[in-house]
Structures are given as structure tokens and as C-alpha cells.
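S.K.: below is the sequence, then the predicted model.
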Amino acid sequence: MGRKAEDLGLGFRLHPFERRAVIIYRVTPEAVEILGIYYGGRDLAALSELPAGE
């Protein structure tokens, strides 16, 4: 579920929510990590608070 967003980080995926928000997450062997929920037309690549992909 969600589309790949490798431009944001290694293994990152994003999923739109109710046409107003985007959930950014990654799947690890242990869990699904929610990295952030962002509203509106934000430039996701410019957000510096996203954790670096491993």
C-alpha cells in the first residue's frame, strides 16, 4: 500500500489520506515506522525533519 518515495529516503513510502494529508512511512522487518503526517501542498523533499534512510 502506498507508493514508493525513494527520493525522500531509502525505503520510504507515502500514502494519501482523505485528500488533505500524506502519511510517510517505511516498513522494516520489525515494524511499520510512521515518519510523519504532513498536511496541504508541502514540499516533502524540503522537510529537514525526515529521518535519513538506512
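M.R.: Yep, it's here. Here the structure is a predicted model, which means the values were calculated and not measured.

S.K.: ok, now which ones touch residue 40?
M.R.: Residues in contact with residue 40 (Cβ atoms under 8 Å, 6 or more residues apart in numbering) are residue 20. For the C-beta atoms, the positions are set from N, CA and C on the backbone; glycine is no exception.

S.K.: oh, I was asking about residue 26
M.R.: 9-13, 32-33, 35, 53.

S.K.: are any of the residues you listed buried, and which?
M.R.: 9, 12-13, 35 (16 or more other Cβ atoms under 10 Å).

S.K.: tabulate the contacts of residue 26 (JSON lines), appending pLDDT, distance to residue 1 and secondary structure.
M.R.: JSON lines is the format used below for those (pLDDT from 0 to 100; distance: Cβ to Cβ, whole Å; DSSP: H, G, I helix; E, B strand; the rest coil):
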{"residue": "9", "pLDDT": "77", "distance to residue 1": "18", "secondary structure": "coil"}
{"residue": "10", "pLDDT": "81", "distance to residue 1": "18", "secondary structure": "coil"}
{"residue": "11", "pLDDT": "86", "distance to residue 1": "14", "secondary structure": "coil"}
{"residue": "12", "pLDDT": "89", "distance to residue 1": "14", "secondary structure": "strand"}
{"residue": "13", "pLDDT": "90", "distance to residue 1": "8", "secondary structure": "strand"}
{"residue": "32", "pLDDT": "93", "distance to residue 1": "10", "secondary structure": "strand"}
{"residue": "33", "pLDDT": "93", "distance to residue 1": "15", "secondary structure": "strand"}
{"residue": "35", "pLDDT": "88", "distance to residue 1": "15", "secondary structure": "strand"}
{"residue": "53", "pLDDT": "53", "distance to residue 1": "19", "secondary structure": "coil"}
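
S.K.: of those, closest to residue 3?
M.R.: residue 13 (6.5 Å; Cβ to Cβ).

S.K.: any idea which helix or strand carries residue 25?
M.R.: Using DSSP states H and E, residue 25 sits within strand 21-27.

S.K.: residue contacts, the residue lying closest to residue 1 once chain neighbours are set aside?
M.R.: Leaving out its chain neighbours, the residue that sits closest to residue 1 by Cβ to Cβ, 6 or more residues apart in numbering is residue 15, at 6.1 Å. Going by Cβ under 8 Å, 6+ apart, residue 15 touches 1-3, 22-23, 25.
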